[in-house]
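Visitor: my questions concern the predicted model and sequence given below.
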Amino acid sequence: MTMKYFTPERWLRFQDPRDKQVFFSAHEEWQEALRTYRRKLRQILRRSPNRLKRFAESECLHDAMVLAIWQGRSRLNVILRPDKPTQEVVILTYTLLADPLIDHSALPPEYRTKHAAWMYDEIGTEKRENGKMAFTHTVLLSNGWEVAIRFSRFDFARRKVLLLDSNQQSMLSMFGKPSSAREA
């Protein structure tokens with residue numbers, strides 16, 4: 001399960017603005033992928049649970065700082081601090097159908113950051129063995145991780161922060177067992 005529209009390779013092509021022709025071509029390619037994805041997302045959201053639909057239509061997490069990720073038996077939780085000045089955090093909760101898959105090397109080392117910020121994401125669907133619908137959420141983080149989540153239920157919330165560590169470093173925890181991670 002990898003991204004179809006917004007790929008690390010596509011993103012890397014427009015990171016060097018020195019060659020304007022290459023940069024503008026890559027930018028147009030990204031914009032076309034965005035238009036195509038938005039059309040597909042509209043179809044997906046028609047048959048999505050209300051909370052996933054509301055999240056996709058109302059939240060923009062681009063450049064949000066990942067503060068914590070943790071996995072329980074059947075749930076994955078993510079806490080993010082949005083990029084725009086706010087006293088809120090966003091909490092995402094997924095009811096998992098499988099352990100998340102993590103590609104720790106989705107970006108070359110020279111493009112990775114020490115912290116993890118939300119760069120871009122894709123929501124998708126898959127058919128399960130029982131014929132029911134599974135949802136997917138694939139996210140590229142600035143530390144180079146591509147995280148692929150397969151889930152049946154989703155929820156999110158914005159909460160006012162009363163106390164946040166003053167250095168506001170991201171705190172990433174490893175997902176599940178080592179077998180859940182895939183190396184590039």
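Guide: Thanks, I have it.

Visitor: hey, let's count contacts and neighbours off CA atoms from now on
Guide: OK.

Visitor: now do the same contact list for K53.
Guide: L45 (Cα atoms under 8 Å, 6 or more residues apart in numbering).

Visitor: doesn't it lie inside a helix?
Guide: Yes. K53: assigned to a helix according to DSSP: H, G, I helix; E, B strand; the rest coil.

Visitor: so it versus G131, what's the distance?
Guide: The spacing between K53 and G131, counted by Cα to Cα, to the nearest Å, is 21 Å.

Visitor: could I get the full set of helices for the protein?
Guide: Taking DSSP state H as the criterion, the chain contains helices spanning 8-13, 20-46, 50-58.

Visitor: in the longest one, which residues are buried?
Guide: Taking 16 or more other Cα atoms under 10 Å as the neighbour-count basis, helix 20-46 is seen to contain the buried residues 23, 26-27, 30, 33, 37, 41, 45.

Visitor: closest to H62 out of these?
Guide: The shortest approach to H62 among the buried residues of helix 20-46 belongs to W30, at 15.2 Å (Cα to Cα).

Visitor: what is the longest strand of this protein by residue count?
Guide: Longest strand in the chain by number of residues, with DSSP state E as the criterion: strand 146-160.

Visitor: how much space separates the residue nearest to R75 when sequence neighbours are not counted from F151?
Guide: Sequence neighbours aside, T95 is the residue nearest to R75 in space, at 4.7 Å (criterion: Cα to Cα, 6 or more residues apart in numbering). Taking Cα to Cα as the criterion, T95 is separated from F151 by 5 Å.
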